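A.B. asks: structure of the sequence below:
(2 chains)
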Amino acid sequence: MNIVSYYFNNFGKIMSALEIHIFIFLASLTFSIVIGMAISIFITQEDKKKIGRAILSFMGAAQSVPSLVIIALIFIFVGIGIKPAIIALVIYGLVPIIFNTTSGILSVRPNIIEAGKGMGLTQNQLLWKVKIPIALPVIMGGIRSSATIIIGSATVAAVIGGGGLGDFIFIGLKLQKPEMLISGALTVSLLAIVVDTIMAMIEKKVISKGLQIKKT
Amino acid sequence: MIKLTNITKTFGKKIAVNNLSLHIEKGSLTMFIGPSGCGKTTTLRMINRLTPYDKGNITVNGIPITDVDPVELRRNIGYVIQEIGLFPHLSVFENIAIVPRLLKWEQKRIEQRVEELLELVTLDQSFAYKFPLQLSGGERQRVGLARALAAEPEILLMDEPFGAIDPINRLKLQDSFLEIQEEIKKTVVFVTHDINEAIKLGDKIAIINEGNLIQYDNVSKILSDPANEFVENLLGQDRNIKALSLEKTKDFIIKDGFVTVSNTEPPENVMKKLQDKDIRLAFVLDEGNHLTGRFLFEKPSKTKKQKFIYDPDPWIAERQNNLNETLSKMLEAGEKQLPVVNRKKEFVGLIRLSDIFEEVNKK
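C.D. replies: Down below sits the predicted model:
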């Protein structure tokens, strides 16, 4: 009961924290996608495949670094506030995107690329019309897990002044107010579920039907 | 049409192609054959500049290919590879439409072309909206051929296109490919490691070993006059029988000795027609000219009265089969004559055992 009354009494505050949280999430995810895709495309060029594979294994290892470490490092070097929070989240969100995009593009079957080249597709056409659409299921998987990670880590980013729903959790902890803590946690969880559902819908829409057929 | 002059290519220390010169004639089907690693695929890939060559010169229609932008060059040369490399994320229609789209054809023209091509490779129009993963190996191969032909290239490069197909379907694909080639008359360079495929399909065969061109000649010349032991071994012991397979069924089709009737005609009429003309055989065709059965007067013998029989599922020979294949079919069926159909299953005539024997005796 405590929680419900707390929630309604502080509904305005929670909603504005949610707004900030969503803003941080969207900004971080957008940057992560743009930067991550750019890096992946760059390292999967024909003559750079060795670098690509090296970065791939580095990214595999980087996935195990806790978000708090990255956030703490950014705090040391950049300081406090919403901007450092976003920078930290972008860096953390990059990892699954680069990992999946790179491995997705590198695993497009060579005979398909060969056929594309033989038909006279330019390197750019080969990338945008063949490699990326075929790798899209893997790429979307990366974006989806990046989204989940960013939403979760955004709560942690509250410790360096990022704001958002993390404030409720940390302040609730310090003041020993469980209803405050739970309100924050609940809202974040709900947000994560909604975002993941939306992402799943987008995924279904953008991935070619031809790739969603099960082999018979 | 395609002229290779003193082409040399090395990979590291290994010489892949050694001072190779070859003139591929317009409208001919040239087979490259040799053991794996002999340089046949490398040579093929040099023609559309997928592999650069170190020394020598390749010209297409007199123009050195190094003077043409590789992307431009490849759009004008059809390319089919083993396992085809269809794009799984695109429908059959979109796969075929790739090069026309790159060449900025109008949508209407593309649609028309795709329809034509599906017809050519004998795939139903409904295939246009299927995806590669929904097709069988043979169907994919047909789409791959249609895709390579989409922008009406003069030249077609095929790198073991039927290599991954099971033997029975491979024979079918070879047959329909021959019939298609007869219709489109492209300059085709075809890499294979199967000597039977080379003999069956090729106008000319280029035998390559360890990067050297061993023999380049008409198929019959190669069979009758192998240049050396390597070629002899490649051809195998039965090369005299193989020579029979150079004759095509279509050259032995006759148009008399039978009548054709519509499938709506009652048997009594057919019987009367045959008796009037003193002919023993009638083929029944539907409105699309497809063979649906045959009527036959069995030869009267001393013990049996002459019987008039209807056979709804007669043995057939295919127009594109070689004489060898048709002969074995006849022996298998125990028939002295077989109706011949083309790849669209339309009736085209009759072939007689006696004519085949005559041909055998000529050799």
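A.B. asks: got the residues of chain A near chain B?
C.D. replies: Applying Cβ under 8 Å from any Cβ of the partner chain, we find that chain A lies next to chain B at A:109, A:111-122, A:125, A:130, A:133-134, A:136, A:208-211, A:213, A:215-216. Every C-beta, even on glycine, is put in place using the N, C-alpha and C of the backbone.
A.B. asks: mind running it again at 7 Å?
C.D. replies: Residues of chain A lying close to chain B by Cβ under 7 Å from any Cβ of the partner chain are A:111-112, A:114-115, A:117-120, A:122, A:130, A:133-134, A:208-211, A:213, A:215.
A.B. asks: now those: which count as buried?
C.D. replies: Neighbour-count burial (16 or more other Cβ atoms under 10 Å in any protein chain shown) is assigned, among those, to A:111-112, A:114-115, A:117-120, A:130, A:133-134, A:208, A:210-211.
A.B. asks: any idea which of these is closest to B:Val60?
C.D. replies: Distance to B:Val60 across those (Cβ to Cβ) is lowest for A:Gly120, with 14.1 Å.
A.B. asks: quick check on the closest one: phi, psi?
C.D. replies: phi 90, psi 30 (degrees, to the nearest 10).
A.B. asks: got the contact list for it?
C.D. replies: B:Val71, B:Arg74, B:Arg75, B:Val99, B:Leu102 (Cβ atoms under 7 Å, 6 or more residues apart in numbering or on different chains).
A.B. asks: from the buried ones among the residues of chain A next to chain B, which single one is nearest B:Asp217?
C.D. replies: A:Gly118 (28.2 Å).
A.B. asks: state the distance from the closest one to B:Pro153.
C.D. replies: Per Cβ to Cβ, to the nearest Å, A:Gly118 is found 11 Å from B:Pro153.
A.B. asks: then B:Arg140?
C.D. replies: Between B:Arg140 and B:Pro153 the distance is 20 Å, computed by Cβ to Cβ.
A.B. asks: and for B:Thr59?
C.D. replies: As defined by Cβ to Cβ, B:Thr59 lies at a distance of 17 Å from B:Pro153.
A.B. asks: likewise B:Ala206?
C.D. replies: For B:Ala206, the distance to B:Pro153 equals 21 Å [Cβ to Cβ].
A.B. asks: excluding residues flanking it in the chain, which one is nearest A:Lys48?
C.D. replies: Distance criterion Cβ to Cβ, 6 or more residues apart in numbering or on different chains; nearest residue to A:Lys48, sequence neighbours excluded, is A:Phe42 at 7.1 Å.
A.B. asks: so the one you found sits in a strand?
C.D. replies: No - with DSSP: H, G, I helix; E, B strand; the rest coil as the criterion, A:Phe42 is helix rather than part of a strand.
A.B. asks: ok, it - how many residues close by?
C.D. replies: As a burial measure, A:Phe42 scores 13 neighbours (other Cβ atoms under 10 Å in any protein chain shown).
A.B. asks: closest point of chain B to chain A, which residue?
C.D. replies: For chain B and chain A, the shortest gap (Cβ to the nearest Cβ) falls at B:Gly85, measuring 2.9 Å.
A.B. asks: in the stretch 251-363 of chain B, which spans are helices?
C.D. replies: Ranges of helices within the stretch 251-363 of chain B are B:267-277, B:323-333, B:353-362, based on DSSP state H, counting those that start in this stretch.
A.B. asks: mind putting the ones you listed in a markdown table, distance to A:Met140, mean neighbour count and mean pLDDT included?
C.D. replies: Shown next, in a markdown table, are those (distance: least, Cβ to Cβ, whole Å; neighbours: other Cβ atoms under 10 Å in any protein chain shown; pLDDT from 0 to 100):
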| stretch | distance to A:Met140 | mean neighbour count | mean pLDDT |
| --- | --- | --- | --- |
| helix B:267-277 | 65 | 13 | 85 |
| helix B:323-333 | 50 | 17 | 84 |
| helix B:353-362 | 61 | 12 | 76 |
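A.B. asks: format these as a markdown table; extra columns: distance to B:Asp175.
C.D. replies: Below are those laid out as a markdown table (distance: least, Cβ to Cβ, whole Å):
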| stretch | distance to B:Asp175 |
| --- | --- |
| helix B:267-277 | 31 |
| helix B:323-333 | 9 |
| helix B:353-362 | 18 |
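A.B. asks: residues contacting B:Ala16?
C.D. replies: B:Lys9, B:Thr10, B:Gly39, B:Thr42, B:Gly211.
A.B. asks: tell me which of B:Ala206 and B:Pro153 has more neighbours.
C.D. replies: Per other Cβ under 10 Å, whichever of B:Ala206 and B:Pro153 has more neighbours is B:Ala206, with 25 against 19.
A.B. asks: what kind of secondary structure is that one in?
C.D. replies: At B:Ala206 the chain is in strand, as set by three-state DSSP.
A.B. asks: distance check, the nearest residue to it once chain neighbours are set aside against B:Gly236.
C.D. replies: Closest residue to B:Ala206 apart from its sequence neighbours, by Cβ to Cβ, 6+ apart: B:Tyr216 at 4.5 Å. Separation of B:Tyr216 from B:Gly236 (Cβ to Cβ) stands at 19 Å.
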